[in-house]
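Novice: Sequence plus the predicted model coming up.
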Amino acid sequence: MQTHISFIIKTCFFHLRRIASIRRYLTHDACVKLVVSLIFSRLDYCNSLLAGLPASSIHGLQRVQNAAARLTLRKTKRDHITPLFRSLHWLPVNTRISYKLSTLVYKCLNDSAPEYLQSSLDLYTQPSDRPLRSAADPLRLHIHRSKLASAGQRAFPSAGPSVWNSLLSFARAPLLTRSRVG
């Protein structure tokens, strides 16, 4: 994945330099549209595959997004990035990855995703020998375990339910229009 990430970073910084050369001729809205279309399309493409990677691997992508925000709002390196993201309504890269995984799981649970993804998710069933507090949460998903410690936990059957289960239960409840019988 490091080769893929390096290529994305290199391509995005190339486009950012090109946008920076014409930035003074662009309005704020035009610059935002240009950055979203050229940079975010590359950052978001297949970013759910990046779930579970170490923060050091994702850091370069976050640098690209930080540079895009500073270019768009004409800020310097010394300006704090969080207020810039808030004013642009952008999520950091890690959060964008989690959001995309959550969206895929939501679509799977509402039968609007491909069948091969839907079949990889199962509702969590409580062991019958002892009652657990998690029994009160009917929207938990079973997290599939893998023998491969690094790549197996990043696969959709493991990463998707992990992100979905990390959402608060009251946030998951109104999301489902009908419960899926696994």
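Specialist: In hand now; what should we look at? The structure presented is a predicted model; accordingly, all values stated were derived computationally and were not measured.
Novice: Does Leu53 belong to a helix, a strand or coil?
Specialist: Here Leu53 is coil, with the state taken from DSSP: H, G, I helix; E, B strand; the rest coil.
Novice: Spit out the contact partners of it.
Specialist: Shown in contact with Leu53 (Cβ atoms under 8 Å, 6 or more residues apart in numbering): Met1, Arg154. C-beta coordinates here come from the backbone N, C-alpha and C atoms, glycine included.
Novice: Give me the phi and psi for it.
Specialist: Leu53 adopts backbone torsions of phi -70, psi 150, taken as degrees, to the nearest 10.
Novice: Model confidence for it, exactly?
Specialist: Per-residue confidence at Leu53 stands at 87 (pLDDT).
Novice: Then the one 3 residues further on?
Specialist: Per-residue pLDDT puts Ser56 at 91.
Novice: does it sit in a helix or strand, and which one?
Specialist: If you go by DSSP states H and E, Ser56 is part of helix 55-73.
Novice: List the buried residues for that helix?
Specialist: Using 16 or more other Cβ atoms under 10 Å as the test for burial, helix 55-73 gives 58, 60-62, 64-72.
Novice: got it, and stretch 8-24?
Specialist: Ile8, Ile9, Cys12, Phe13, His15, Leu16, Ile19.
Novice: what residues does the lengthiest helix in the chain touch?
Specialist: If you go by DSSP state H, the chain has its longest helix at helix 2-22. With contact meaning Cβ under 8 Å, 6+ apart, helix 2-22 is reached by 26, 31, 34-35, 38-39, 42-43, 50, 57-58, 60-61, 63-64, 67-68, 71.
Novice: What of stretch 89-98?
Specialist: With contact meaning Cβ under 8 Å, 6+ apart, stretch 89-98 is reached by 43-44, 47-48, 50-51, 55, 58, 61-62, 65, 69, 85, 99, 163, 166.
Novice: Pick out the most distant pair among the residues you listed.
Specialist: Spatial extent of these (Cβ to Cβ) is set by the pair Ala69 and Ser166 at 25.9 Å.
Novice: quick revisit: quick one: which of the contacts of stretch 89-98 is nearest to Lys107?
Specialist: When the contacts of stretch 89-98 are compared for distance to Lys107 (Cβ to Cβ), Ser48 wins out at 11.9 Å.
Novice: For burial, what's the neighbour tally of the closest one?
Specialist: If you count neighbours by other Cβ atoms under 10 Å, Ser48 ends up with 20.
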